[in-house]
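> Return atomic coordinates for the entry below.
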Amino acid sequence: MKRIEDLEVEKIDKRREKRKKSEWLQAVESVFDGYTLKALFDLIDFGPEEIKGMDFRGVISSGKEANVYYALSLQGEELAIKIYRTVAVEFKRMEAYIIGDPRFKKRRKSTHALIYDWARKEFANLTKMEEVGIRVPHPIVLKRNVLVMEFIGEDSLAAPLLKDSPPETYKKAKKLFKILIGFVKTLYNKANLVHADLSEWNIMVFKGPVIIDVSQAVLKVHPNAERFLLRDLKNLLRYFSHLGLEDLPSLEELYEEISGNPPSEKDLVEV
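Below is the predicted model:
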């Protein structure tokens, strides 16, 4: 038979859990649907030990495709929860990165199915990138359109984007350029992937560069992979040339260094 003190503790714990779920609900109910809320509650109640009972703290960033929230695990580990929107999504734009990807040959054609595929794609891409040694947020678990991953930053403060935190010196800029080109080369030749949206907006700075937002990354066999690679390289060359970096390779030279082949004239024109 349970003591009165134990029963009181259980009641308090239940009230805390109810309040915690209520905080989640208030934060996302105006943006996300019932399927999303169920996924969140399932993760809180039945997720892996490192996230079970996670304590929601607020929004890190808000975008067209997803919101990223800050949370703490029961052990005090900082987490980032990325929740992909299931409404008002750019259906055609997103499909362009999925159609032609052999990992998603069998898929249902609905908005919810597209978003779930988009989330699965990011989880798979993060996992593959991490395997080949590229710095990305460590993916922990995916439930429908909710991705729980490593928080990049410390003490609840997210690391800045490269666009907001450029290298302080010429020497550091040169070193960073070399690191990022190395990432692109490793991504292409070891992971068989192209980021497809790489720029100063998708690189965080935290003890070195961290690549983020990889849901659109495509396999090398994707029909537009070569054009996407050119676009990524063009973005990096533009950014570092604006920083005053000299003796940068040409887009054609950089592309051939990474892919082993010269770019087609058609792809060069289109980027």
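
> Does Leu236 lie in a helix or a strand, and which?
helix 225-242 (DSSP states H and E).

> Show me what counts as buried in that helix.
The neighbour-count check on helix 225-242 (16 or more other CB atoms under 10 Å) flags 225-237, 239-240 as buried. To be clear about C-beta, it is placed using only N, CA and C from the backbone, and glycine gets the same treatment.

> Equivalent analysis for stretch 106-117, please.
So stretch 106-117, judged by 16+ other CB under 10 Å, has buried residues 107, 114-117.

> Number of residues surrounding the closest residue to Ser165 other than its chain neighbours?
By the measure of CB to CB, 6 or more residues apart in numbering, the closest residue to Ser165 outside its immediate chain neighbours is Val205, 4.6 Å from it. Neighbours of Val205 under the rule other CB atoms under 10 Å: 19.

> by contact count, what packs against the helix holding Leu236?
helix 170-189, strand 193-194, strand 218-219, helix 251-259, helix 265-270 (3 or more CB pairs under 8 Å, 6 or more residues apart in numbering; DSSP states H and E).

> any chance of those in TSV, plus mean neighbour count and distance to Ser62?
Putting the helices and strands packed on helix 225-242 into TSV (neighbours: other CB atoms under 10 Å; distance: least, CB to CB, whole Å) gives the following:
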stretch	mean neighbour count	distance to Ser62
helix 170-189	16	26
strand 193-194	26	27
strand 218-219	20	25
helix 251-259	17	33
helix 265-270	11	31
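
> which stretch in these is the model least sure about?
Ranked by mean pLDDT, those end with helix 265-270 at the bottom, a mean of 81.

> Run a quick neighbour tally on the closest residue to Lys143 other than its chain neighbours.
The shortest distance from Lys143 to any non-neighbouring residue, by CB to CB, 6+ apart, is to Ala39 (4.3 Å). Neighbour count for Ala39, taken as other CB under 10 Å: 20.

> mind checking how far Ala39 is from Pro249?
From Ala39 across to Pro249, the span is 45 Å (CB to CB, to the nearest Å).

> ok so, going back, inside helices: which ones of the buried residues of stretch 106-117?
With helices taken from DSSP state H, the overlap with the buried residues of stretch 106-117 comprises 114-117.

> with these in mind, which one is nearest to Ser156?
Distance to Ser156, by CB to CB, is smallest for Ile115 among these, at 27.7 Å.

> How far off centre is stretch 116-127?
Relative to the centre of its chain, stretch 116-127 is centred 9 Å away, using CA atoms, centre = their mean, to the nearest Å.

> Do you know the pLDDT at the residue sitting nearest the centre point of the chain?
The chain has Asp213 as the residue nearest its centroid, 3.3 Å off, counting by CA atoms, centre = their mean. Per-residue confidence at Asp213 stands at 95 (pLDDT).

> give the contact list for it.
Shown in contact with Asp213 (CB atoms under 8 Å, 6 or more residues apart in numbering): 122, 197, 202.

> Next, Val68: secondary structure please.
Secondary structure, DSSP: H, G, I helix; E, B strand; the rest coil: Val68 is strand.

> Look up the residues forming beta bridges with it.
Under DSSP bridges, the beta-bridge partners of Val68 are Ser61, Lys82.

> After the helix or strand of the chain with the lowest mean pLDDT, which helix or strand is next? Please name it.
When the helices and strands of the chain are scored by mean pLDDT, DSSP states H and E, helix 4-28 comes last with a mean of 49. Beyond helix 4-28 in the direction of the C-terminus, DSSP H and E gives the next helix or strand as helix 34-46.

> Alright, that wraps it up for me.
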